[in-house]
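Trainee: Following is a predicted model, sequence given first.
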Amino acid sequence: MEIGASTSTNVKQATETFVLKKAMEVSSDTMQTLMASVEQNAPKTNNPAHLGQNVDVKA
């Protein structure tokens, strides 16, 4: 009976691993699509060259 339980456990683990990998793949695809849309819709700035070069760290 141990062989059947071991096989059942292996199948369960393989299924869980497959589902996890598929979920990660879908999440990755969604993130890539989201990032591409953000890049396309980002406003183009025309700021002077000196702007954003210094950071004031005094409190």
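Mentor: Everything's here; your move. Keep in mind it's a predicted model, so treat the numbers as computed, not measured. Numbers count the residues shown, from 1 in each chain.
Trainee: Give the residue spans of this protein that score low on pLDDT.
Mentor: Applying pLDDT under 70 to the chain flags residues 1-4, 59.
Trainee: And the residue positioned nearest the centre of the chain, how close does it get to residue 22?
Mentor: Geometric centre of the chain, nearest residue: residue 28, 4.6 Å, by Cα atoms, centre = their mean. Applying Cβ to Cβ, to the nearest Å, the value for residue 28 to residue 22 is 11 Å. From N, CA and C alone the C-beta is placed, and that goes for glycine too.
Trainee: now swap in residue 50 and tell me
Mentor: When residue 50 is compared with residue 22 (using Cβ to Cβ), they lie 49 Å apart.
Trainee: higher neighbour count, those two?
Mentor: residue 22 (10 against 7; other Cβ atoms under 10 Å).
Trainee: Tally up the residues packed near residue 25, please.
Mentor: With other Cβ under 10 Å as criterion, residue 25 counts 10.
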